[in-house]
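Trainee: kindly generate the corresponding structure for this input.
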Amino acid sequence: MRIQSVVDTPERRKAVDAITPSRVAFELHLGQSKPIYNAVKQLKDTSVIWQKLNPTQQRIVTITLKDYENSGVGLPEDKKKRFNAISDQLSQLTTNFSSNVLDSTMAFKLLVTNKSELDGLEETTLAVAAEKAKDAGHPSATAESGPWLLTLDYNTYVAVLSFAKNRDLRKNFYIAYRSIASSGKSDNTGIINQILALRKELAVILGYKNYAEEKFTYKMATFNSASSLMEQLINDSRAVAVEENAQVTQFARNVSEDKGLELKWWDIAYWSERQKEHLFHIKQERLREYLPLPLVIKGLFQLAHKLYGINVQLASGALPVWHKDVQVYAVSDANSTKPFAYFYADLFARPGSKQGGAWVQPLWDAAKYWRAPSPAAAAAKATKAAASNSTNSRTASVIWTPSLAKAESDWLNSAPYQLPIAVLISNQNPPAGGKPSLMSLNDAGTLFHEFGHALQHMLSKSKQGLTSGMRNIEWDAVETPSQMQEKWVYDKNMFNSIARHWNTNESVPSWMFDAIKSLKTYRQGVSSHSICS
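Mentor: Sure thing, here's the model as predicted:
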């Protein structure tokens, strides 16, 4: 896990910059080791040995060979040298790219003192903006009276585009967000061009037509089949998307009584939200009141208990954390108190020090690991030491004997089991204005989705690290558990268990759940066309 992605500081940046060349050099040296590659390849090329390997071991061998080949192990020295130089440069460029995005996002700050400029924004957004103003040196800031500090984090951006009646404010935010890291000292334009050119060159060196073709070696689909599917979806959704946009435009003209209104990019989300409220009689701010984060988490863990027979308990102090808001959870079987896995939950947005988005990062794999030399490695070390002290200039080699083979096998079988640890990251609005963190429907779906990834990592039965959890699963298959998990948000019994008013404990009205299910298909033509385009 890159700690810099969740708690970025100048000191950590310097440390990352200092260590990156050595890390890349080590990874390339390991990934281009001919002795290791040849040894692994012999396992696959020798039918007697190959047939004795179980399916897990065969998969590890196959994946390892592919990794070595894509790391340039078979390249001639001149091409390998260029490959390594490009890899080192790409590592630094991608780090700089992320840092520029974070810096550019953090640089945008809008302090508002006139509440009328924020007309339409949800109470939750105002409360969070007031808390930000407090942190920025305005201790008397309140959600009701301000001042309010608006930043360019995703939650604030979506709130402004969807709810602010102030068209100029929406335009300001849209342009700022869409031009993140595109000017000044945080400009990523040149970096993007360099990354694209270097990735293509790297792929060509390895014998691929382009970078995409190389990356599809880690997927079930092929580049051509995926491209064909996207083209089909673009064509099939185009007419529906055009019609949906026309409907929103007509709705906006009717409500605004401006028959000549032409919607700009910063108008579409606002008027789509108004149309949604009109069609389904539901407001996001009211729905948030029924989705307090603590209750959603409780319901999510109860679902995991019911589906998978596990308990998830808060385990404060079990592992070190990088921020006061980060929590640690222990996972155990329902009939046991002994954890078989842990995970971190870093759920709240921290603009300026934490990257946006949501993801799960495996920290430790479920596997049997030794952190000490094997008998063969120890023997090789002793032999090398003896040879260096000998007058004989020839280097002695380790003789593979039945006793050494047995010692090696016993050593592997007795390796201690390492518990899996996952890191679940999201950027939920923090508690504000005396209320707990209140979630949108999308927030709840994202949390369920990411927890599906975490479960896949933690519930793995494989004892081989390279096939444990999310490791080495094809990229277009790894989303299956998370997609299944997020669908539970729309199960009526499940939703009723997580949806209660944060203050009154009132259940969500039945009509509201019916409206929520209907929302799933709202403007899906536009969504599908935009994603594929």
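
Trainee: make it CA atoms for all contacts and neighbour counts henceforth
Mentor: Fine.

Trainee: now stretch 84-103: buried residues?
Mentor: Under the neighbour-count criterion of 16 or more other CA atoms under 10 Å, stretch 84-103 has 84, 86-91, 93, 96-103 buried.

Trainee: got it, and stretch 484-499?
Mentor: Buried residues in stretch 484-499, counted by 16+ other CA under 10 Å: 485, 486, 488, 489, 490, 494, 495, 496, 497, 498, 499.

Trainee: surely the fifth one touches residue 517?
Mentor: Yes - with contact taken as CA atoms under 8 Å, residue 490 and residue 517 are classed as touching, separated by 6.5 Å.

Trainee: still on that earlier bit, so which of the buried residues of stretch 84-103 sit within helices?
Mentor: 84, 86-91, 93, 96-103 (DSSP state H).

Trainee: what ranges do the helices span in the stretch 1-150 of the chain?
Mentor: Remark: helices assigned in the stretch 1-150 of the chain by DSSP state H, counting those that start in this stretch are 10-31, 34-45, 47-52, 55-70, 77-107, 123-135.

Trainee: what would these look like in a markdown table with mean pLDDT and distance to residue 155?
Mentor: Output for the helices of the stretch 1-150 of the chain, formatted as a markdown table (pLDDT from 0 to 100; distance: least, CA to CA, whole Å):
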| stretch | mean pLDDT | distance to residue 155 |
| --- | --- | --- |
| helix 10-31 | 90 | 25 |
| helix 34-45 | 93 | 47 |
| helix 47-52 | 91 | 52 |
| helix 55-70 | 94 | 38 |
| helix 77-107 | 94 | 12 |
| helix 123-135 | 93 | 8 |
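
Trainee: what's the most buried one of the ones you listed?
Mentor: Among those, ranked by average contacts under mean count of other CA atoms under 10 Å, first place goes to helix 123-135 (a mean of 22).

Trainee: just the residues contacting that helix, thanks.
Mentor: By CA atoms under 8 Å, 6 or more residues apart in numbering, the surrounding residues in contact with helix 123-135 are 111, 139-144, 146-150, 156, 159, 285, 429-433, 438.

Trainee: now list the buried members of those residues.
Mentor: 111, 141-143, 146-150, 156, 159, 285, 429-433, 438.

Trainee: lowest mean pLDDT among the helices and strands of this structure, which one is it?
Mentor: Lowest mean confidence among the helices and strands of the chain (mean pLDDT, DSSP states H and E): helix 375-389, at a mean of 74.

Trainee: one step back: same list, the buried residues of stretch 484-499, but as CSV with secondary structure, pLDDT and distance to residue 190 please.
Mentor: Formatted as CSV, these follow (DSSP: H, G, I helix; E, B strand; the rest coil; pLDDT from 0 to 100; distance: CA to CA, whole Å):
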residue, secondary structure, pLDDT, distance to residue 190
485, helix, 94, 40
486, helix, 94, 38
488, helix, 95, 43
489, helix, 94, 42
490, helix, 92, 44
494, helix, 93, 48
495, helix, 93, 47
496, helix, 91, 50
497, helix, 92, 50
498, helix, 93, 46
499, coil, 93, 47
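
Trainee: any regions of the stretch 301-450 of the chain where pLDDT drops low?
Mentor: For the stretch 301-450 of the chain, the stretches with pLDDT under 70 are 384-398.

Trainee: before we move on, what SS does residue 331 have?
Mentor: Following DSSP: H, G, I helix; E, B strand; the rest coil, the label given to residue 331 is strand.

Trainee: so residue 121 touches residue 161, yeah?
Mentor: No - here residue 121 does not reach residue 161: they are 9.5 Å apart, not a contact under CA under 8 Å.

Trainee: the more surrounded of the two?
Mentor: Shown here are residue 121 and residue 161; by other CA atoms under 10 Å, residue 161 has more neighbours (26 against 20).

Trainee: other residues contacting the helix or strand hosting the more buried one?
Mentor: Using DSSP states H and E, residue 161 maps to helix 154-163. Applying CA under 8 Å, 6+ apart, the contact partners of helix 154-163 are 120-122, 125, 150-151, 169-170, 173-174, 177, 266-267, 269-273, 356, 427-429.

Trainee: then stretch 263-274?
Mentor: Residues outside stretch 263-274 that contact it (CA under 8 Å, 6+ apart) are 161-165, 167, 170-171, 174, 248-249, 251-252.

Trainee: and for stretch 29-47?
Mentor: Here stretch 29-47 has contacts from 49-50, 58, 61-62, 64-65, 67-68, 71-74, using CA under 8 Å, 6+ apart.

Trainee: report the contact partners of residue 447.
Mentor: Contact analysis of residue 447 by CA under 8 Å, 6+ apart lists 426, 486.
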